[in-house]
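Chemist: structure, please.
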Amino acid sequence: MEEPKIKVLYIDDEVNNLSAFKANFRKLYDIYTAESASEGRKILESVDVEIIITDQRMPEMTGVEFLESIIKEFPNPIRILLTGYTDMQALIDAVNKGQIYRYINKPWNEEELKMFINQAHELYTLRKENEDLTKELLKVNNQLEFMIRQKLLS
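Modeler: Next up, the predicted model:
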């Protein structure tokens, strides 16, 4: 059985960048694109995206502001910030507020970006497995506590 493709959301106000990204990566990943943060949020509400890549400089809100705004509602996707500018404050905010995994400069190197997406997906998968194992462990722990109480009461 073929593995399902990684679901990647790319947000950028530059349509040419969205088209280039989709053309380069559509065979490898399920690509969703958005021209704005609000469009990106709508996609997140309907698709279980694993990786979010967003441009930093957009008119509606910055990439960091967008990533920060979705953390509570969508905590699981791994976040990558893409920018054509070297802005140290944006980098600091991205790490501290947007919880980004990677900061990548434009124009991106296709092989490098592919490697980062695959590494981000590995992290996503490990976090999901950890979350599932923790739930299972709590369930077993509760069952064990119940059995011990029953023994003590009898």
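Chemist: got any ranges where the chain has weak pLDDT?
Modeler: The chain contains residues with pLDDT under 70 at 86-98.
Chemist: for the lengthiest helix in it, what is the distance to the chain centroid?
Modeler: Looking across the chain with DSSP state H, the single longest helix is helix 110-153. Taking Cα atoms, centre = their mean, to the nearest Å, one finds the center of helix 110-153 at 18 Å from the center of the full chain.
Chemist: do stretch 53-72 as well
Modeler: 12 Å.
Chemist: mind listing what's buried in that stretch?
Modeler: Neighbour-count burial for stretch 53-72 flags 53-58, 62-68, 70 (criterion: 16 or more other Cβ atoms under 10 Å). C-betas here are computed from N, CA, C, even on glycine.
Chemist: that one: end-to-end distance?
Modeler: 18 Å (Cα to Cα, to the nearest Å).
Chemist: residues making contact with that stretch?
Modeler: Residues from elsewhere that reach stretch 53-72 (Cβ atoms under 8 Å, 6 or more residues apart in numbering): 8-14, 17, 21, 36-38, 40-41, 44, 52, 79-85, 87, 90, 93-94, 97-100, 106, 117.
Chemist: now a ChimeraX select for only the buried ones of the residues you listed.
Modeler: To isolate the buried subset of the contacts of stretch 53-72 in ChimeraX, counting by 16+ other Cβ under 10 Å, use the following:
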select :8,9,10,11,12,13,17,21,36,37,40,41,44,52,79,80,81,82,83,87,90,93,94,98,100,117
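Chemist: among the contacts of stretch 53-72, which are in strands?
Modeler: Members of these lying in strands (criterion: DSSP state E): 8, 9, 10, 11, 52, 79, 80, 81, 82, 83.
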